[in-house]
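Participant: coords below, sequence missing:
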């Protein structure tokens, strides 16, 4: 944490869809950024610096797109930074932006993250055939399915916990007007009957491929004092990374995730996250990752995460709602997915989440991960000034 | 602002093509050398951040394997920018301002030899109305050179003389790629690459890597005898389309210099990231540097231009010279994008 | 010079073909590993600090940061640590689905490699299963992991879960 | 070259489907009609090619404005050896061309035959492809005004 407090005073996102064919790349990022500015009641001129994040440039086929996007984000004459930390990038980008405020370098920072996956094909962009690199898996699912199997084996979880998460997050998405997948009549049978893709992961247990963007305006305490709506305050934030492979690596419950969580809890003065947090937005691209992350983040003891999910506690109305927005399972513009988690946490503590609001949420966790479960970014935001 | 200094810099000799080393093997030796110079163990680094670009290698997530070079175990506090490493250094400097950590490691690598760099750089341009023209970086830089010549601020001979001077300076830099001395007359006899630019006025294509260590306040003083203090650092971006800019000026460099406190002061040396010879003229003017300042004593980007590395290397080269007593005050600069679209300026100073 | 206005609907999508040519190099360590495969050998590198064996050898041990490249030959049989059954068609797929993609901890190595298991029903794949490499005929051997066609069950009893628990 | 090291060609190839949004889409549609359009900013400047957002203010740009088919070269460079992806397969000039009625210059190729024809300040005019699809390359190139047209 820094010497200066950081407030989130504006939040915006696009309507996430499989193909946002009505806008250019600039139009997409602009839509989220303009909404964040409007929420903050600030103009382009008010912004001191822009921090932008996205996943690989090959998704859109634009190398270092901050160069082309400088005009659309009102960044001309300002500092502009482009972050890329794989799937965690949306979180890492928000953290880099927050540090500009916390370090006292800038007063009003706009941060934006996006992906326009419909410009290409995610499967192609993630797994091009490169000489000397074996291609035995199939996209991200082929990488993560073995980890899910390992989790099930290790924890002894019944094999329907994944179905339950898939249904729950999609029910949450029905309350979120921005969500990509809004599946009417979603239920356990619909998920169970969907095709098995990467056994044990079924089609409806996976995230979609989306076009979308998310943006936030962060300011110093002095500027936040004039904000039109109550801000969310940063109570803790951090990143942790570990190697993608090494001998003896625990990929199911990675130490980087545990260390990152411990760091943000310490910063926020949280000793029992299950008690002290009202809700959490976790990066769950495959349903089984909810119980896995519940353990990794200390909401449940090792091997017990699935019990928390199975108890219903993680649904809206439960003791610890997880992904009230519908999560990554309902909207996945990859580069923006992490920032959407961070932004949803902030919306919750600003009492701004509409139908998917957790009543009286005072503190919430935003979480993102990427690479081979190796890059983690998290923040805790609160209604009260820390 | 908190006092932060560059306390170590290591780089690989730039080469046209390094086939034996993969990314991790480019980075591992420079990280090890920079940490050794800083008298730091890797587990003592507070924050690590790197700069690199997938398109140079043609594959997504290339930074993931390179991370092994720092052995991020136990897990580390880390970030990555898809930019020149100079911007990674800026992120680290910002991170150090928060006050809870005291050291940062920055590294950058670039292996341009795998693809056809001019073709790769086309992908950087507006994807709707510019990239489809296939406008390559040399062709665009040549537009800027012509504008400067038309404005009477440089001549083709002037560019050759500037390039010859950089080669003379590069002869003393074992990491430079173009070190063979050539006279301006010899250079002027080269054919045009894209007129008015001949090869000597364009950067070489390079593979390379470098690493820098930053430390704050007393930690910097404890670790090394002469830290190169960052007295100011800032960067600014311009409109993307060349037709919307005055190509003969660099207002973003000027503004960044103003914010970094680089205007009006005395400098012993300047390391300017000018991949094309004429860009040095534009940058010198934007920074208001007079004839008393040694420009690019390392040989600069005309002598070695590993993409995503060369900007960070300018900061490292300038700092190294201060730390070894070759000057007291320096300005370093990095650029990104076509024709100097995005510019970073850093003022460095050593204690007397 | 202007042509008459077009009857076609307004342009909303631009087809933007990109083609970039690269020459990919395998680097010294990966090349050594791949060339050994052409001789039906699996050769990795040991880290001088933690003594773990990596396949292929590494320019930097991921946990120690020093080159992990003291040559070590490992067995062409090992234990399945985890797997997934791929049931989705995919451009780069080696076979029509379903097929079994596995992580295999070869005897003598400290990290798994990824390959395929054939010759069993997908539903019969198990964590802990013992497998051995099925090499291509001599005239098809080359410096590529494709020199191993796939892995097949050895028929040995499964390894206990503890043997693979720290490799997941 | 280290002969121990394996190498192989690798082609990164894809046809991106770029949704253009209304402003760029209108420009490309005009190109298909062999017309050149820009947009007007709130300050009254005409940007060609059009941008969706004004770099000077960050605000969205306004109405389309048709501009002339001829203009003035503000700077240029000469390509002796065209690359495979260049607009022309014979030596040509890159140029920034400020079209009549525009306040900004547009990048394109000039088919001038020889560099001795080129000069900053010269007048050029558009040469269109016969088959047009809605792309910047529907404008094949510019040619020196009053000559060198095929």
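Facilitator: Arrived safely, thanks for sending. Computed from a predicted model, the values in this text were never measured in an experiment. Numbering: from 1, shown residues only, chains lettered A, B, ... in the order given.

Participant: got the residues of the stretch 201-350 of chain B near chain C?
Facilitator: Within reach of chain C by CB under 8 Å from any CB of the partner chain, the stretch 201-350 of chain B has no residues at all. Placement of C-beta: from N, CA and C, glycine included.

Participant: can you pull out the strands in the stretch 201-350 of chain B?
Facilitator: Using DSSP state E, counting those that start in this stretch, the strands found in the stretch 201-350 of chain B span residues B:207-216, B:228-237, B:269-271, B:294-295, B:329-336, B:342-349.

Participant: distance to residue D:63, mean pLDDT and mean neighbour count for those strands - can I get that in TSV?
Facilitator: Below are those laid out as TSV (distance: least, CB to CB, whole Å; pLDDT from 0 to 100; neighbours: other CB atoms under 10 Å in any protein chain shown):
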stretch	distance to residue D:63	mean pLDDT	mean neighbour count
strand B:207-216	49	98	29
strand B:228-237	27	98	25
strand B:269-271	46	98	26
strand B:294-295	47	98	18
strand B:329-336	33	98	28
strand B:342-349	31	98	27
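
Participant: in JSON lines: those, plus distance to residue A:103.
Facilitator: Formatted as JSON lines, the strands of the stretch 201-350 of chain B follow (distance: least, CB to CB, whole Å):
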{"stretch": "strand B:207-216", "distance to residue A:103": "11"}
{"stretch": "strand B:228-237", "distance to residue A:103": "12"}
{"stretch": "strand B:269-271", "distance to residue A:103": "25"}
{"stretch": "strand B:294-295", "distance to residue A:103": "31"}
{"stretch": "strand B:329-336", "distance to residue A:103": "20"}
{"stretch": "strand B:342-349", "distance to residue A:103": "16"}
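
Participant: how about those strands, which one is nearest chain D?
Facilitator: Nearest of the strands of the stretch 201-350 of chain B to chain D, taken as CB to the nearest CB: strand B:228-237 at 9.9 Å.

Participant: hmm, back to that, turn the strands of the stretch 201-350 of chain B into a markdown table, columns for distance to chain A.
Facilitator: Below are those laid out as a markdown table (distance: least, CB to the nearest CB, whole Å):
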| stretch | distance to chain A |
| --- | --- |
| strand B:207-216 | 11 |
| strand B:228-237 | 5 |
| strand B:269-271 | 20 |
| strand B:294-295 | 25 |
| strand B:329-336 | 7 |
| strand B:342-349 | 7 |
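
Participant: grab the most central residue of chain D for me.
Facilitator: The centre of chain D sits closest to residue D:108, judged by CA atoms, centre = their mean, with a distance of 3.5 Å.

Participant: what about that residue, which helix or strand?
Facilitator: Taking DSSP states H and E as the definition, residue D:108 sits inside strand D:106-110.

Participant: elements contacting that strand?
Facilitator: strand D:70-79, strand D:92-99, strand D:139-144 (3 or more CB pairs under 8 Å, 6 or more residues apart in numbering or on different chains; DSSP states H and E).

Participant: can you list contacts of that strand?
Facilitator: B:130, B:133, B:135, B:140, B:143, B:241-243, D:48-49, D:71, D:73, D:76, D:86-88, D:92-99, D:118, D:124, D:136, D:139, D:141-144 (CB atoms under 8 Å, 6 or more residues apart in numbering or on different chains).

Participant: the longest strand seen in chain D near chain C at all?
Facilitator: Longest strand in chain D by number of residues, with DSSP state E as the criterion: strand D:7-19. Yes: using CB under 8 Å from any CB, strand D:7-19 reaches chain C at D:7-19.

Participant: just the buried residues of that strand, please?
Facilitator: D:7, D:10, D:12, D:14, D:16, D:18, D:19 (16 or more other CB atoms under 10 Å in any protein chain shown).

Participant: next: stretch C:61-70.
Facilitator: Per 16+ other CB under 10 Å, stretch C:61-70 contains these buried residues: C:61, C:62, C:63, C:64, C:65, C:66, C:67, C:68, C:69.

Participant: about what we covered before: and residue A:108, which of the strands of the stretch 201-350 of chain B is closest to it?
Facilitator: strand B:228-237 (15.9 Å; CB to CB).

Participant: is it possible to export the residues of strand D:7-19 next to chain C to CSV including pLDDT and distance to residue B:209?
Facilitator: Shown next, in CSV, are the residues of strand D:7-19 next to chain C (pLDDT from 0 to 100; distance: CB to CB, whole Å):
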residue, pLDDT, distance to residue B:209
D:7, 92, 20
D:8, 93, 23
D:9, 94, 25
D:10, 93, 21
D:11, 93, 26
D:12, 92, 23
D:13, 91, 28
D:14, 92, 29
D:15, 94, 34
D:16, 95, 31
D:17, 95, 36
D:18, 97, 34
D:19, 97, 38
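
Participant: ok, and of the residues you listed, which contact chain B?
Facilitator: Within the residues of strand D:7-19 next to chain C, those near chain B by CB under 8 Å from any CB are D:7, D:10, D:12, D:16, D:18.

Participant: what's across from the last one in the sheet?
Facilitator: For residue D:18, the residues forming beta bridges with it (DSSP bridges) are residue C:14.

Participant: now the top helix by length along chain C against strand D:7-19, angle please.
Facilitator: For chain C, the helix that runs over the most residues, judged by DSSP state H, is helix C:27-37. Between helix C:27-37 and strand D:7-19, the angle comes out at 110 degrees (axes from the mean of the first three to the mean of the last three CA atoms, to 10 degrees).

Participant: by contact count, what packs against helix C:27-37?
Facilitator: Judged by 3+ CB pairs under 8 Å, 6+ apart, helix C:27-37 is in contact with helix B:23-37, strand C:42-46.

Participant: same thing but at 10 Å, please
Facilitator: helix B:23-37, strand C:42-46, strand C:70-74 (3 or more CB pairs under 10 Å, 6 or more residues apart in numbering or on different chains; DSSP states H and E).
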